[in-house]
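> requesting a structural model of the entry that follows:
(2 chains)
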Amino acid sequence: MLIRPVDRDSFSISFTVGLYGAAFGAAAVAAGFSVWQACLFSLLTFSGASQFAAVGVIGSGGSAISAIATSALLGTRNALYGLRMAPILKNRGIKRVLAAHVTIDESTGLAIRQNESADMKRAFYLTGGGVFLFWNLFTLLGALGANAIGDPSAWGLDAAVPAAFLGLVWPRLTERKLFLISILAMVFALALVPNVPAGIPVIATTAIAVIFGWKSGGIK
Amino acid sequence: MSIFWITTIGSGLVCFFLKYLGHSIPESWLNRPRVQRINTLLPIVLLSALVAVQTFASDAKLQIDQRVSGMLVAVIALALRAPFPVVVLGSAFTSAMVYNFL
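Reported below is the predicted structural model:
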């Protein structure tokens, strides 16, 4: 089989994104998960933002239910990606199960940048599979590394995790309205921290998404 | 079963279910403009809230400590369009220096 231009893009995205798996492995262990649980987390959930959020909620003292709910809320966009990809992939049975599992930001993102349907499929499977491989490999390395570290604060891990979140959300804040919504979510969550159980302040900001998304007005 | 196991298994099941759902339901169902608008905002508000909580909250208290110095460096690095690893490592390094030496 010939190597196509899309293969190189898939590889470089897979590797780069996979590297952040190390940050997840470290964050999970810092939050109290074992190395084995961190690895299983990446294998099963396989959705970066959901994973970071879930261990973040646990790390700040939240319940398992809040952690799972937060992870589900961040995972809903994968359902939308699935809607987008299903008519292109046309899978049934076990193939649909496997395709669903690798339906993430990167696989969908690279697929919809292609012009031909054959390239779209190729980009989707190569990127989905590639990220899966590297993400899980680096989760293991990050978890083992963090396990050897001891006090996470002494290594700056407690700041690295929110910095990684900020890096994820930053590119979307170029619009003034989104920037204001982001600030509002921060202030709202912090105002709730002393008053409600851990984990709730983050989930409660869903209300802000519903209020501002209800009517159309500048946001696609 | 510990909170860690419940979260690991529960998150895996729910997140896979959502992905599979997208591949299985008629497009018109989740594809409404209102659902899409809310869905675009969800990651932004949730991630923003996480940034704030993980920077300023310590259990049920708000406090300013070494994490804030790390986040300031992250904001500056992002504003200067630094690559992602520089943002994360710069933040970690600053926070660790303040924690260990100040």
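> contacts and neighbour counts: CA atoms only from here.
Noted.
> is the one helix or strand A:T127 maps to anywhere near chain B?
Secondary structure from DSSP states H and E places A:T127 in helix A:117-149. No - judged by Cα under 8 Å from any Cα of the partner chain, helix A:117-149 stays clear of chain B, getting no closer than 12.6 Å.
> next SSE after that helix?
helix A:157-169.
> close to chain B, is that next one?
Yes - judged by Cα under 8 Å from any Cα, helix A:157-169 comes into contact with chain B through A:157-169.
> make CSV from these and add neighbour count to it.
As requested, the residues of helix A:157-169 next to chain B are exported to CSV (neighbours: other Cα atoms under 10 Å in any protein chain shown):
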residue, neighbour count
A:L157, 26
A:D158, 25
A:A159, 30
A:A160, 31
A:V161, 27
A:P162, 30
A:A163, 29
A:A164, 26
A:F165, 23
A:L166, 25
A:G167, 23
A:L168, 16
A:V169, 18
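> in a helix, that's where A:F46 is, yeah?
No - judged by DSSP: H, G, I helix; E, B strand; the rest coil, A:F46 forms no part of a helix; its state is coil.
> where's it relative to A:T205, distance?
24 Å (Cα to Cα, to the nearest Å).
> show me which pair in the residues of helix A:157-169 next to chain B is furthest apart.
By the measure Cα to Cα, A:L157 and A:V169 form the most distant pair in the residues of helix A:157-169 next to chain B, at 18.8 Å.
> quick one: least confident helix or strand in chain B?
helix B:27-30 (a mean of 68; mean pLDDT, DSSP states H and E).
> what's the spacing between the next helix or strand after it and its chain's center?
The helix or strand immediately downstream of helix B:27-30 is helix B:33-56, counting by DSSP H and E. Computed by Cα atoms, centre = their mean, to the nearest Å, the separation of helix B:33-56 from the middle of its chain amounts to 9 Å.
> what's the following helix or strand after helix B:33-56?
Helix B:33-56 is succeeded, C-terminally, by strand B:57-58 (DSSP H and E).
> what strands flank the next helix or strand along the chain from that next one, and is each parallel or antiparallel?
With elements assigned by DSSP H and E, the helix or strand that comes after strand B:57-58 is strand B:61-62. Here strand B:61-62 has these sheet partners by DSSP bridges: strand B:57-58 (antiparallel).
> and the strand it pairs with, how far from the chain's centre?
Centroid separation between strand B:57-58 and its chain, computed with Cα atoms, centre = their mean, is 15 Å.
> what of stretch A:126-140?
So, by Cα atoms, centre = their mean, the centroid of stretch A:126-140 is 13 Å from its chain's centroid.
> in it, what counts as buried?
A:126-132, A:134-140 (16 or more other Cα atoms under 10 Å in any protein chain shown).
> does stretch A:66-76 reach chain B?
Yes - counting by Cα under 8 Å from any Cα, chain B has neighbours in stretch A:66-76: A:67-68, A:70-76.
> of these, just the buried ones, PyMOL syntax please.
Typed into PyMOL, the line below selects the buried ones among those, using 16+ other Cα under 10 Å:
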select buried, chain A and resi 67+68+70+71+72+73+74+75+76
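> pLDDT averaged over the helix or strand containing A:I68 - what is it?
According to DSSP H and E, A:I68 maps onto helix A:64-89. The average pLDDT within helix A:64-89 is 89.
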